[in-house]
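A.B. asks: next input, structure requested:
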Amino acid sequence: MSPLGLIAGRGRFPLEVARAARARGERVVAVGFHSETDAALDCTRVHLGELGRLIEVLQEAGVRRAVMAGKVPKVHLYGDLESLRPDARALALLARLEDRSDDTILAAIADELAAEGIQLQGQPEAAPELFAPAGPLGARRPSAPVEADIAFAWPIAKALGGVDVGQTVVVRDRAVLAVEAIEGTDAAIARGAALAPGGGCVVVKVAKPGQDPRFDMPAIGLDTLAVLAEVKAAALAFEAGRTAVLDREELAREADARGIAVVGIPPGGPAR
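C.D. replies: Prediction:
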């Protein structure tokens, strides 16, 4: 079997994908990005704009299937483009884009890989162990008011995802405090919680309707839990089976210790 290629962005998600694949006996060939990918990941590093070099590294290792894991913030596209060191292949790709939405950019990269014989796998397919089922992650369950907030926020989060704005909504007492945009989940939580200084906000994170499982599946981990604890959030609800839960056992223990309910909600939404 050919090795699994791993295109690694920020955070622990790439590390967890590599660990899960190796535990199954797979050989992993990882390509990361300077200033983005965790230093703990053993990988070849390229600049964000070096698309041709990324493909070359995978091809030289015999990779025929790959997975993307970890965010690469899109804000880089609005800064100094030259700092990304874009090669001719990346510049040609950018010039062809109809827009710069996440899905458009990532689908274009997937097409470039496919043209070179490298097929992108869905993240749940590459690392099924990371995608948690429905139900509470730890011992703490949502209270009735929290369940009401989850039911209120769920369709709003889905609507935001449907127009590719973000995947997270922060609410309290069935009022929207913040919606995620380009800043990311943790920043959205902090922004929303600032409007509820007494704590008690509820965070709902979902996959986009029609989410392409190859790209940007939702992920939660200890970093997000630390933000929730800092703002004294009441709960985090995530879409079960479609959200990567990193460091799951430790996350459950810490959430229980902090009095935060972390719960997987079936893809059809919360029961009413």
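
A.B. asks: can you list the domains in the protein?
C.D. replies: The chain breaks down into these domains under automatic domain parsing: 4-128, 131-265.

A.B. asks: which of these is buried the deepest?
C.D. replies: Compared across the domains of the chain, domain 131-265 shows the largest average neighbour count, a mean of 19 (mean count of other C-beta atoms under 10 Å). All C-beta spots, glycine's among them, are computed from the backbone N, C-alpha and C.

A.B. asks: measure that domain end to end?
C.D. replies: 12 Å (C-alpha to C-alpha, to the nearest Å).

A.B. asks: pLDDT wise, what is Tyr78 at?
C.D. replies: On pLDDT, Tyr78 comes in at 55.

A.B. asks: ugh, typo on my part, it should be Phe215
C.D. replies: Confidence for Phe215, expressed as pLDDT, is 87.

A.B. asks: my read: it touches Asp102, true?
C.D. replies: Yes: proximity of Phe215 to Asp102 meets the contact threshold set by C-beta atoms under 8 Å, at 6.9 Å.

A.B. asks: what ranges do the helices span in the stretch 151-272 of the chain?
C.D. replies: 185-193, 222-230, 248-258 (DSSP state H, counting those that start in this stretch).

A.B. asks: just send those helices back as a markdown table, with mean pLDDT too.
C.D. replies: Shown next, in a markdown table, are these (pLDDT from 0 to 100):
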| stretch | mean pLDDT |
| --- | --- |
| helix 185-193 | 94 |
| helix 222-230 | 95 |
| helix 248-258 | 96 |
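
A.B. asks: looking at those, which is nearest to Gly32?
C.D. replies: helix 222-230 (18.0 Å; C-beta to C-beta).

A.B. asks: for the nearest residue to Val245 once chain neighbours are set aside, what are its contacts?
C.D. replies: Spatially, and ignoring its direct neighbours in sequence, Val245 is nearest to Ala132 (4.2 Å; C-beta to C-beta, 6 or more residues apart in numbering). The contact partners of Ala132, taken as C-beta atoms under 8 Å, 6 or more residues apart in numbering, are 238, 240-241, 243, 245, 248, 264.

A.B. asks: got it, and Phe238?
C.D. replies: Applying C-beta under 8 Å, 6+ apart, the residues near Phe238 are 132, 204-206, 218, 220, 245, 262-265.

A.B. asks: repeat that with 10 Å
C.D. replies: Neighbouring residues of Phe238 by C-beta atoms under 10 Å, 6 or more residues apart in numbering: 132, 134, 137, 167-168, 203-207, 218-220, 224, 244-245, 262-265.
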